[in-house]
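J.: Attaching a predicted model along with its sequence, questions to come.
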Amino acid sequence: MTDLIKILDDYFNKARELESYTINDLEKHLWLVNASSATITIGFIQSKDGVGYLQILGAWSFVLGIISLLLMKFVSAINSSRDKKRFVEATLNISAENAAEKIREIKDKQFSCLRMTYLILQYGAGVLFIVGCILTILSAK
């Protein structure tokens, strides 16, 4: 039984590390593409005399993607700090009998809401980048 628990813990830790790496990598690329696209689009708009509304909407889409990423980082920081604090408080008096209850206390409704907000902002940043690209391409003459 001890070997099984060790194997499961090892698997869980590897899965968590891979998930963390993937999320950090995705965030890095979202920041890069939204920031560079906003810079290029705004620079292009400033260099032209007549600018179409699609180009302006595309630029705003990239800027909103950056704002979404910034808000996502705030939500992530709030949730991880809150989760760590609640975990430390719960583990002070955890036992085999109340372990499941203590875990439920840590991952409460607010944790779920913050996590959902984080995911919405993350996917929203990706969608805003795609929308910005489409609008910019449609406005090209």
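T.: Here it is on my side, so go on.

J.: what about the helices in the protein?
T.: With DSSP state H, the ranges of helices along the chain come out as 2-47, 53-91, 99-106, 109-139.

J.: could those helices go into TSV alongside mean pLDDT and mean neighbour count?
T.: Where C-beta positions appear, they are placed from N, C-alpha and C, glycine not excepted. Output for the helices of the chain, formatted as TSV (pLDDT from 0 to 100; neighbours: other C-beta atoms under 10 Å):
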stretch	mean pLDDT	mean neighbour count
helix 2-47	74	12
helix 53-91	83	17
helix 99-106	72	13
helix 109-139	89	16
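
J.: can you pull the contacts of the residue nearest in space to the middle of the chain?
T.: Against the mean C-alpha coordinate of the chain, by C-alpha atoms, centre = their mean, the closest residue is Gln122 at 3.9 Å. The contact partners of Gln122, by C-beta atoms under 8 Å, 6 or more residues apart in numbering, come to Leu26, Glu27, Leu30, Ser68, Leu69, Met72.

J.: Farthest-apart pair in the residues you listed, please.
T.: Pairwise distances across these (C-beta to C-beta) peak at 13.3 Å, for the pair Leu26 and Ser68.

J.: on that earlier part again, identify, from the contacts of Gln122, the entry nearest to Cys113.
T.: Taking those together and measuring to Cys113 by C-beta to C-beta, the closest member is Met72, at 14.2 Å.

J.: what sits against that closest one?
T.: Glu27, Tyr118, Leu121, Gln122, Ala125.

J.: now Asp108
T.: Taking C-beta under 8 Å, 6+ apart, we find Asp108 in contact with Arg86.
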